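# here is the input, now give the coordinates:
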Amino acid sequence: MASLLIGRATSAAFWCSRPSLPFTSLLPKAARAAAITPLFSRQRAGFATKKVPAFPDSKMLNDHILTLSCPDKSGIVHNVTGLLAKQNLNILDLQQFSDPVSERFFMRVHFGHAETTESLKEPFAGLAKDLQMDYEIHPVSQKPRVLIMVSKIGHCLNDLLFRYKTQQLGIEIPVIVSNHPEFKALAESYGIEFHHLPVTKDTKAEQEARILELIKAKDIELVVLARYMQVLSPKLCEVMSGKIINIHHSFLPSFKGAKPYHQAFERGVKIIGATAHFVTADLDEGPIIEQRVARVDHAMSPKELVDEGSNVESQVLAAAVKWWSEKRVFLNGTKTVVFN
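Residues are numbered from 1 along each chain as shown. I've put the predicted structure just below:
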């Protein structure tokens with residue numbers, strides 16, 4: 001497993017190196033700072049309007065991400081950072097959270113410059129045992145492999161492929177699967193393998209078996225349901241537990257199931273939203289990774305709600321995939337911890 005990261009320092013350096021915007025040169029210094037603040041806000045959210053390299057530069061080739069969770073107790077940060085220091089490793093970023101409800105501790109550490117991942121396993125093994133720690137170490141330079149599934153609605157797929165092509169997402173997409181043939185040409189235009197796997201009640205088990213074969217053959221680490229309009233079987237959900245992300249076109253737990261925008265229209269809501277969540281056997285009940293909303297009003301038709309919601313869906317799914325690829329998402333029972 002692997003991770004890619006855009007460090008905050010890198011992001012800041014990029015924006016600071018840009019020439020001043022024309023209108024800001026006429027403003028006082030304090031006003032200029034206020035004028036460019038939204039640019040930084042958008043970049044920190046992960047969706048800058050300008051291209052920002054998502055792949056590590058030469059200085060990050062030996063960087064790693066440590067992710068861990070364990071029963072909460074005193075001394076965890078001291079022990080982990082001390083172990084890294086003994087290995088002459090430099091901590092570049094550290095985020096932590098102690099959950100008083102589950103009594104578990106979560107931490108993400110970006111450090112450099114270890115020669116190999118293997119060289120770190122033995123030093124951490126003893127500490128992991130002592131702290132009852134679940135942990136993984138990911139080379140920043142390696143990109144996780146993602147399989148995308150889609151049906152007939154393509155805005156989320158198109159958005160993910162564009163971000164992938166422009167290096168806004170640090171992932172590999174070796175294969176796209178669909179129960180319809182519509183997006184074969186789109187996949188091939190990106191040089192991505194496309195598999196048309198129709199599904200009926202009678203062929204569902206066979207189709208999902210083929211999906212699992214592709215997951216194994218392509219060394220897939222995450223499956224993304226980019227508006228894949230089929231309910232996965234409990235068996236597939238169990239086999240891929242914690243490794244399937246879905247985008248649901250409503251602000252869960254409201255308006256579950258089919259046609260949520262039409263449900264929202266009938267209720268006259270003033271806000272619509274989208275939810276990216278891990279998939280479980282319980283439909284639309286998996287741990288939530290990200291949610292966003294958009295304001296709507298009484299004058300909007302169901303189609304206008306769908307169009308507005310499509311933009312939110314694309315943003316939410318892309319954010320969830322990005323944060324997952326950067327090893328920022330931790331499962332915590334029926335919830336998640338997200339270091340974003």
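
# just give the number of residues close to residue 144.
21 (other Cβ atoms under 10 Å). C-beta: built from backbone N, CA, C; applies to glycine.

# please identify the buried residues of the biggest helix by length in the chain?
Ranked by residue count, the top helix of the chain under DSSP state H comes out as helix 302-325. By neighbour count on 16 or more other Cβ atoms under 10 Å, the buried set for helix 302-325 is 305-306, 308-310, 312-325.

# buried stuff in the helix or strand encompassing residue 119?
Taking DSSP states H and E as the criterion, residue 119 maps to helix 118-131. Buried residues in helix 118-131, counted by 16+ other Cβ under 10 Å: 120, 124, 127-128, 131.

# then stretch 103-123?
Buried residues in stretch 103-123 (16+ other Cβ under 10 Å): 104-112, 114, 117, 120.

# all strands for the stretch 1-150 of the chain, in order.
Along the stretch 1-150 of the chain, the segments classed as strands by DSSP state E, counting those that start in this stretch run 64-71, 90-99, 104-112, 134-139, 145-150.

# partner strands of the third one and their direction?
Based on DSSP bridges, the pairing partners of strand 104-112 within the sheet are strand 64-71 (antiparallel), strand 90-99 (antiparallel).

# so which two of the buried residues of stretch 103-123 are the farthest from each other?
Maximum pairwise distance among the buried residues of stretch 103-123 (Cβ to Cβ): 27.1 Å, between 104 and 112.

# so which of the buried residues of helix 118-131 is the closest to residue 235?
If you rank those by distance to residue 235 using Cβ to Cβ, residue 128 comes first, at 30.8 Å.

# wait, isn't the closest one in contact with residue 137?
No. Using Cβ atoms under 8 Å, residue 128 is not in contact with residue 137, being 10.6 Å away.

# redo the strands paired with strand 104-112 as CSV? Include mean pLDDT and distance to residue 330.
What follows is the strands paired with strand 104-112, written out as CSV (pLDDT from 0 to 100; distance: least, Cβ to Cβ, whole Å):
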stretch, mean pLDDT, distance to residue 330
strand 64-71, 97, 6
strand 90-99, 97, 8
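
# okay, the ones you listed, which one's buried deepest?
Between those, strand 64-71 has the highest mean count of neighbours, a mean of 21, where neighbours are mean count of other Cβ atoms under 10 Å.

# kindly export that strand (C-alpha atoms) in CSV.
Below are the C-alpha coordinates for strand 64-71, written out as CSV (Å, rounded to 0.1, in the frame of the first residue of the first chain):
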residue,chain,number,x,y,z
HIS,A,64,7.1,7.7,4.3
ILE,A,65,3.7,8.0,5.9
LEU,A,66,3.1,6.2,9.2
THR,A,67,-0.6,5.6,10.2
LEU,A,68,-1.5,4.0,13.5
SER,A,69,-4.3,3.4,15.9
CYS,A,70,-4.2,1.8,19.3
PRO,A,71,-5.9,1.9,22.7
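
# next, the angle helix 118-131 makes with it.
Interaxial angle, strand 64-71 versus helix 118-131 (axes from the mean of the first three to the mean of the last three Cα atoms, to 10 degrees): 10 degrees.

# run the chain-centre distance for strand 64-71.
Mean-position distance between strand 64-71 and its chain equals 17 Å (Cα atoms, centre = their mean, to the nearest Å).

# on that earlier part again, residue 279 is nearest to which of the strands of the stretch 1-150 of the chain?
The nearest among those, by Cβ to Cβ, is strand 145-150 at 10.6 Å.

# on contacts alone, who are the packing partners of the closest one?
Here strand 145-150 touches helix 155-165, strand 172-178, helix 204-217, strand 222-225, going by 3 or more Cβ pairs under 8 Å, 6 or more residues apart in numbering; DSSP states H and E.

# export these to a markdown table and tack on mean neighbour count, distance to residue 94 and mean pLDDT?
Output for these, formatted as a markdown table (neighbours: other Cβ atoms under 10 Å; distance: least, Cβ to Cβ, whole Å; pLDDT from 0 to 100):
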| stretch | mean neighbour count | distance to residue 94 | mean pLDDT |
| --- | --- | --- | --- |
| helix 155-165 | 20 | 27 | 98 |
| strand 172-178 | 22 | 27 | 99 |
| helix 204-217 | 14 | 33 | 98 |
| strand 222-225 | 22 | 24 | 99 |
